[in-house]
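Asks: my questions concern the predicted model and sequence given below.
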Amino acid sequence: MTQILVSEVGPRDGLQSIKAVMPLEAKKAWITAEAAAGVREIEVGSFVPPSLLPQMADTAELVRFARGIEGLNVVALVPNAKGARRAVEAGVHAMSIPLSMSETHSIRNVRKDHAAMLAEIAEAAGIAKAAGVHFAVGLATAFGCTIEGAVPEDTVVRLALAAAEAGAQEFSLSDTTGYADPAQVQRLVRKVRAAVGADMLTTLHLHNTRGLGLANALAGLEEGITTLDASLGGLGGCPAAPGASGNLVTEDLVLMLNAMGLDTGIDLERLLEVRQILAAALPGEPLYGFTPDAGPMLDYNERIAR
């Protein structure tokens, strides 16, 4: 049975784009409950200045807490080398740094152009390597930008090669703005893999802004992608990309993968129960997903037993 890693990014990408600040204890309960449901990797936060994102002020404490959960790979996003140092000090297993394919988005999001970001990546990669921490680069706005519009695929390939030279160990293709379509996903996965190697691109970060999230995930699976980012309840977006709401819903993704006979290791019923933590801690915040409303198919258990 093919194993697919569902990486939960809600505590970072979900919470960074809402105004409410989830209490630390609720975040801990969320992470604990998802791990108990079988989620093996969680991006618990980002090491950005609290003045910019107060929702992420407790990331170091969350990393230390999550490290105590057996079998959980603890990931954090870092915007620069300074963030990488803080992530190492906190004890992350892995870190990811964004490199936006749209230079305008990069300047708005991390206040650096491509040249400056590549320099940060090189420094952060050295920090991660010295600490034995896995270092990934997220190729943000790879499928289009709400500010610049279309992003040339050759630009994505060129910047991926530059980031690999700077020290990236792995890449994810990020549909930051929800612009991707399945044909584009397959085409870009092939192009980037041809340039940097198939083992360097295993992850897709998809948004469901236009309802194409699951279709894009399936397109990626057909190209050999083995890790898919998702957010419980579909929380998420990007503060620097206007209108880019809605991550791929973890519950819907897990239902699809499990029903297809793929091995996620996640118990869907237990995962659905975790939504109660979000509903209680974020009153009034909309939670998305078809599976929580409709429930699994009547023959779901037979399907996953095949």
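Replies: Everything's here; your move. Numbering: from 1, shown residues only.
Asks: give me the number of residues near Ala130?
Replies: 9 (other C-beta atoms under 10 Å). For every residue, glycine as well, the C-beta is placed using N, CA and C.
Asks: for it, give me the backbone phi and psi.
Replies: phi -60, psi -30 (degrees, to the nearest 10).
Asks: any idea where the helices of the stretch 101-250 of the chain begin and end?
Replies: With DSSP state H, counting those that start in this stretch as the criterion, the stretch 101-250 of the chain has helices at 103-110, 114-131, 153-166, 182-196, 213-222, 250-259.
Asks: now render those helices as TSV, adding mean pLDDT and distance to Asn301.
Replies: As requested, the helices of the stretch 101-250 of the chain are exported to TSV (pLDDT from 0 to 100; distance: least, C-beta to C-beta, whole Å):
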stretch	mean pLDDT	distance to Asn301
helix 103-110	91	43
helix 114-131	98	42
helix 153-166	98	41
helix 182-196	99	29
helix 213-222	98	21
helix 250-259	98	10
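Asks: so of the ones you listed, which one's packed in deepest?
Replies: helix 250-259 (a mean of 24; mean count of other C-beta atoms under 10 Å).
Asks: so for Leu5, which of the helices of the stretch 101-250 of the chain sits nearest?
Replies: Nearest of the helices of the stretch 101-250 of the chain to Leu5, taken as C-beta to C-beta: helix 250-259 at 10.2 Å.
Asks: so what does that closest one touch, helix or strand wise?
Replies: strand 5-8, helix 213-222, strand 227-230, helix 268-281, helix 291-294, helix 300-304 (3 or more C-beta pairs under 8 Å, 6 or more residues apart in numbering; DSSP states H and E).
Asks: is it true that Ala164 touches Arg193?
Replies: No. With contact defined as C-beta atoms under 8 Å, Ala164 does not reach Arg193; the gap is 11.9 Å.
Asks: overlap in contacts, these two.
Replies: Met200 (C-beta atoms under 8 Å, 6 or more residues apart in numbering).
Asks: show me what contacts Lys77?
Replies: One thing to correct before we go on: residue 77 is Leu, not Lys. Leu77 neighbours (C-beta under 8 Å, 6+ apart): 12, 43, 45-48, 83, 95-98, 138.
Asks: what's across from it in the sheet?
Replies: Listed beta-bridge partners, Leu77: Ser46, Ser96 (assigned using DSSP bridges).
Asks: for it, give its distance to Gly220.
Replies: Distance, Leu77 to Gly220, using C-beta to C-beta, to the nearest Å: 21 Å.
Asks: one more: Gly246?
Replies: 17 Å.
Asks: would you confirm that Gln186 contacts Ala219?
Replies: Yes. Counting by C-beta under 8 Å, Gln186 touches Ala219, with 5.0 Å between them.
Asks: what residues sit buried inside stretch 56-65?
Replies: 56, 58-60, 62-63, 65 (16 or more other C-beta atoms under 10 Å).
Asks: only C-alpha atoms, please: export it in CSV.
Replies: Output of stretch 56-65 as CSV, limited to C-alpha atoms (Å, rounded to 0.1, in the frame of the first residue of the first chain):
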residue,chain,number,x,y,z
MET,A,56,2.8,33.1,16.2
ALA,A,57,4.3,34.5,19.4
ASP,A,58,4.3,31.1,21.2
THR,A,59,5.9,29.1,18.4
ALA,A,60,9.1,28.2,20.4
GLU,A,61,7.0,26.9,23.3
LEU,A,62,4.8,24.9,20.9
VAL,A,63,7.9,23.3,19.3
ARG,A,64,9.3,22.3,22.7
PHE,A,65,5.8,20.9,23.6
